[in-house]
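**Student:** give me a 3D structure for the following:
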Amino acid sequence: MVSGRTEVQVRPGSEADLDALTEIYNHYVRETAITFDTAVFTARERRPWLLSHPEDGPYRLMVATDADSQAILGYATSSPYRPKPAYVTSVETSVYVAPDAGRRGIGTLLYDALFAALAGEDVHRAYAGVALPNEASERLHSRFGFHHVGTYREVGRKFGRYWDVAWYEKELG
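**Tutor:** Model prediction:
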């Protein structure tokens, strides 16, 4: 994809990406209610998360990079929805874009690649939680065929206030 003058490539994530991925995530921890984590992570603390997303299987990590500089512009994941065995064919998806890379279609590229990678997997449903308000995320999920299935009211407290989370569902197989 060409956005402005920058070509973007999407590939599976690797351990070499850990520092940049941690930096992107920590921005959302510090500055937004998009994640309900409240303390930043070191790369070492985030390593188990990264390793839980191999290049194959239903739990993936896709990374968008600037084709020239190889700077990481964002990432998307599919992760276990819940830990109990009957949930194994459901995944929770998420997208995080670097703060200076928004509004360039990177989230769309990442979800395109993520869902293409999941196409051959034994995954029946994808779920996404969106802390509200977040119109960009709601639009992205709608564009990818997610349907709103409910909203948890004031389910998380961060920055001294309560936040709602809208839940979306997408049929995969």
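
**Student:** make it CA atoms for all contacts and neighbour counts henceforth
**Tutor:** Fine.

**Student:** and Val63, what helix or strand is that in?
**Tutor:** Using DSSP states H and E, Val63 sits within strand 61-66.

**Student:** mind checking how far that strand is from the chain centre?
**Tutor:** 11 Å (CA atoms, centre = their mean, to the nearest Å).

**Student:** with stretch 137-152 instead?
**Tutor:** Offset of stretch 137-152 from its chain centre (CA atoms, centre = their mean): 13 Å.

**Student:** now do the end-to-end distance for it.
**Tutor:** 16 Å (CA to CA, to the nearest Å).

**Student:** now stretch 165-173, how far from the chain's geometric center?
**Tutor:** Counting by CA atoms, centre = their mean, stretch 165-173 comes out at 13 Å from the chain centroid.

**Student:** buried set for it?
**Tutor:** For stretch 165-173, the neighbour count (16 or more other CA atoms under 10 Å) marks Val165, Ala166, Trp167, Tyr168, Glu169, Lys170, Leu172 as buried.

**Student:** strands - which of those land there?
**Tutor:** Val165, Ala166, Trp167, Tyr168, Glu169, Lys170 (DSSP state E).

**Student:** and the first one, what does it touch?
**Tutor:** To tie it back to what came earlier, the one meant is Val165. Gly129, Val130, Ala131, Leu132, Thr151, Tyr152, Arg153, Glu154, Val155 (CA atoms under 8 Å, 6 or more residues apart in numbering).

**Student:** ok, what's across the strand from it?
**Tutor:** Val165 has the following beta-bridge partners by DSSP bridges: Ala131, Tyr152.

**Student:** where does Pro48 land in three-state SS?
**Tutor:** Here Pro48 is recorded as helix under DSSP: H, G, I helix; E, B strand; the rest coil.

**Student:** how many residues are close by it?
**Tutor:** Using other CA atoms under 10 Å, Pro48 has 10 neighbouring residues.

**Student:** re earlier: mind putting the buried residues of stretch 165-173 in TSV, pLDDT and distance to Ala101 included?
**Tutor:** Formatted as TSV, the buried residues of stretch 165-173 follow (pLDDT from 0 to 100; distance: CA to CA, whole Å):
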residue	pLDDT	distance to Ala101
Val165	98	24
Ala166	98	24
Trp167	98	25
Tyr168	98	24
Glu169	98	26
Lys170	98	26
Leu172	95	28
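
**Student:** among these, which one lies nearest to Val123?
**Tutor:** Val123 lies nearest to Leu172 out of these, by CA to CA, at 6.4 Å.

**Student:** got a list of what the closest one touches?
**Tutor:** Ala119, Val123, His124, Arg125, Ala126.

**Student:** buried only: go through the contacts of Val165 for me.
**Tutor:** If we count by 16+ other CA under 10 Å, the contacts of Val165 have these buried: Gly129, Val130, Ala131, Leu132, Thr151.
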